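Asker: Build me a structure from this.
(one chain, ligands or ions: 2)
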Amino acid sequence: MEIYLVGGAVRDELLGLAVKERDYLVVGATPEQLLALGYTQVGRDFPVFLHPDTREEYALARTERKSGRGYTGFICDFGPEVSLEEDLRRRDLTINAIARDEQGGLHDPYGGRQDLDRRILRHVSEAFAEDPLRVLRVARFAARFHHLGFTLADETLALMRRMAASGELAALTPERVWKETEKALATEDPQVYFEVLRRAGALGVLFPELEALFGVPGPEKWHPEIDTGIHTLMVLKRAAELGGDLCCRFAALCHDFGKALTPQEKWPSHHHHGELGVAPIEALCARLKVPTEHRELALLMSRWHILFHRLAEPCPEHAERILELFNHTDAWRKPARFAQLLICAQADLQGRKGFGGKPYPQRERLWHWLGELRQITAQAFVEQGIKGAAIGDAIREERRRRLILWLQDWADSIHSSTAPSPSR
Ligand SMILES: Nc1ccn([C@@H]2O[C@H](COP(=O)(O)OP(=O)(O)OP(=O)(O)O)[C@@H](O)[C@H]2O)c(=O)n1
Ligand SMILES: [Mg+2]
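Answerer: Numbers count the residues shown, from 1 in each chain. Ligands and ions are numbered 1, 2, ... in the order given. Below you'll find the model as predicted:
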């Protein structure tokens, strides 16, 4: 029996990246032999075992053939006669099909090292098409390795396009789609995942709510990039740059879904797009079983982002709306979530052509105000002898009073810095 290190560990090591998880391949062995050596079997459908000491994964060499649609539609062929080359041949990308033997020697029958050097994502063989999830995996690798200069081989894109056109992506389970998407959102360049899916003709199948934004114009003054799909991916990139968490990135992706529902004769304005966005966000989240936390932030962002931007021109009349915002988002009890909403709002303004360096003072101000207002508690009012429901009213009134003052001060400071100097 021969044992090889395979897949991501070899690839990442050759790229000089940290290796998180190691997968091994066993050639020339039977399940019985591994069990006798103390390995435990974990794969129900596939012959995958855990090492008795390290608990790392060891898989028997195998060839896969598809017998129907979807994840559970595989027949698994394995046995001691399956060779290393045969096993590597049915893997997704050449850069993932390099093996390292126990002496440290590399086995690279499909040119993976050359593709690593040339920074190319290329499929190994036509067997790529056996698993439609690979369309998403390639998009995810394109996002993950974008900063290293990786691009997609033309023939791989062409194959992905054929797979998307065949309708097979519809058979992917929501869990698998969301898992890939979540991993892609966590990369430095999450926008690349959606760009590649779009080029592959897969975006309309997997994320029709996003696909629908391409070709929808915004007003040039506020959106020099014009196209709402392009804007959305710029916002997603900016949210990642600003350190937004996964919920924030997901909210960035969904924040303008409502713009696809504006009647064409109203273009390029998009009145009420925040409210219109609720239905498509709910639809996407239900279809892909998106976690509640992500869904909630996306809905809040859709509903409130227009108000965030309006604060660029502060006036005391905004106090009521800001209180409503804090109440509706439950910022009092969930300030960390509110902080993500603020990052997302900043990303929305700066994710526009030429807007990258624009200041977004609202973020700082709202954060500061929330902190101050959270310190207004019942106790001071109780000490003044106020009782019962009147305490709540007194707290609300005090919050409003302070907000009005702050907004007035801010408005004044903007006026005095922009007002022409008095003439002599
Ligand atoms: N649909 C899939 C899933 C996996 N693989 C193969 O199995 C290996 C291990 O899979 P996985 O751990 O999911 O990916 P990695 O490439 O190891 O990347 P990561 O760093 O994300 O784990 C891959 O390198 C690839 O050779 C494949 O060909 N097709
Ligand atoms: Mg891996």
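
Asker: In the stretch 301-424 of the chain, what residue lies closest to ligand 1?
Answerer: Across the stretch 301-424 of the chain, the shortest distance to ligand 1 (CB to the nearest ligand atom) belongs to Gln340, at 25.0 Å. (Glycine included, C-beta is placed from N, CA and C.)

Asker: That residue reaches Cys248, doesn't it?
Answerer: Yes - assessed by CB atoms under 8 Å, Gln340 is found in contact with Cys248 at 4.1 Å.

Asker: hey, which helix or strand in the chain has the poorest pLDDT?
Answerer: The weakest-scoring helix or strand in the chain, judged by mean pLDDT, DSSP states H and E, is strand 74-78 (a mean of 67).

Asker: C-terminal to that strand, which secondary structure element comes first?
Answerer: Proceeding N to C from strand 74-78, the next assigned helix or strand is helix 84-89, under DSSP states H and E.

Asker: Can you tell me how far Ala171 is from ligand 2?
Answerer: 24 Å (CB to the ion, to the nearest Å).

Asker: no, scratch that, I was asking about His231
Answerer: Counting by CB to the ion, the separation of His231 from ligand 2 is 34 Å.

Asker: Distance check, that residue against Gly204.
Answerer: Taking CB to CB, to the nearest Å as the criterion, His231 is separated from Gly204 by 18 Å.

Asker: Settle it for me: which of the two has more neighbours?
Answerer: His231 (26 against 15; other CB atoms under 10 Å).

Asker: Now do the SS call for that one.
Answerer: Classification of His231 by DSSP: H, G, I helix; E, B strand; the rest coil places it in helix.

Asker: Check the one 5 residues further on too.
Answerer: Recorded secondary structure, Leu236: helix (three-state DSSP).

Asker: Isn't it up against Tyr193?
Answerer: No - applying CB under 8 Å, one finds Leu236 not in contact with Tyr193, separated by 9.2 Å.

Asker: Who has more neighbours out of these two?
Answerer: Between Leu236 and Tyr193, counted using other CB under 10 Å, the more crowded position is Leu236 (30 against 27).

Asker: give me every residue that touches that one.
Answerer: Pro190, Gln191, Phe194, Arg249, Ala252, Leu253, Ala347, Gly351 (CB atoms under 8 Å, 6 or more residues apart in numbering).

Asker: Would you state the predicted confidence (pLDDT) at it?
Answerer: In this model, Leu236 is scored at 98, pLDDT.

Asker: Report the separation between it and Ala347.
Answerer: From Leu236 to Ala347 the distance is 8 Å (CB to CB).

Asker: Give me the common contacts of these two.
Answerer: Joint contacts of Leu236 and Ala347 (CB under 8 Å, 6+ apart) are Ala252.

Asker: Excluding residues flanking it in the chain, which one is nearest Gly357?
Answerer: Among residues not flanking Gly357 along the chain, Gln350 sits closest, at 7.7 Å (CB to CB, 6 or more residues apart in numbering).

Asker: The one you found: how many residues sit nearby?
Answerer: So Gln350, with other CB under 10 Å, has 20 neighbours.

Asker: coming back round to it: and for the residue of the stretch 301-424 of the chain closest to ligand 1, the neighbour number?
Answerer: The number of residues near Gln340, taken as other CB under 10 Å, comes to 23.

Asker: Tell me the helices and strands packed up against the host helix or strand of it.
Answerer: Using DSSP H and E, Gln340 sits within helix 335-350. Judged by 3 or more CB pairs under 8 Å, 6 or more residues apart in numbering; DSSP states H and E, the packing partners of helix 335-350 are helix 228-241, helix 246-254, helix 292-310, helix 361-374.

Asker: Leaving out sequence neighbours, find the closest residue to the residue nearest the centre of the chain.
Answerer: For the chain, Leu185 is the residue whose C-alpha lies nearest the centre (CA atoms, centre = their mean; 2.3 Å). Computed as CB to CB, 6+ apart, the closest residue to Leu185 that is not its neighbour in sequence is Arg249, at 4.7 Å.

Asker: mind checking how far that neighbour is from ligand 2?
Answerer: For Arg249, the distance to ligand 2 equals 22 Å [CB to the ion].

Asker: next structured bit after the helix or strand containing Val26?
Answerer: Using DSSP H and E, Val26 falls within strand 23-27. Once the chain leaves strand 23-27, the next helix or strand it forms, by DSSP H and E, is helix 31-36.

Asker: and the helix or strand just after that next one, how far out from the chain's middle?
Answerer: Using DSSP H and E, the helix or strand that follows helix 31-36 in sequence is strand 40-41. Put simply, strand 40-41 sits 34 Å off its chain's centre (CA atoms, centre = their mean, to the nearest Å).

Asker: Output the contacting helices and strands for the helix or strand following strand 40-41.
Answerer: Downstream of strand 40-41, the first helix or strand assigned by DSSP H and E is strand 48-50. Applying 3+ CB pairs under 8 Å, 6+ apart, we find strand 48-50 packed against helix 31-36, strand 40-41, strand 57-60.

Asker: what about the protein, any weak spots by pLDDT?
Answerer: Scanning the chain for pLDDT under 70 picks out 44-45, 65-76, 419-424.

Asker: Mind doing that once more with 80?
Answerer: Low-confidence segments of the chain (pLDDT under 80): 43-46, 64-77, 418-424.
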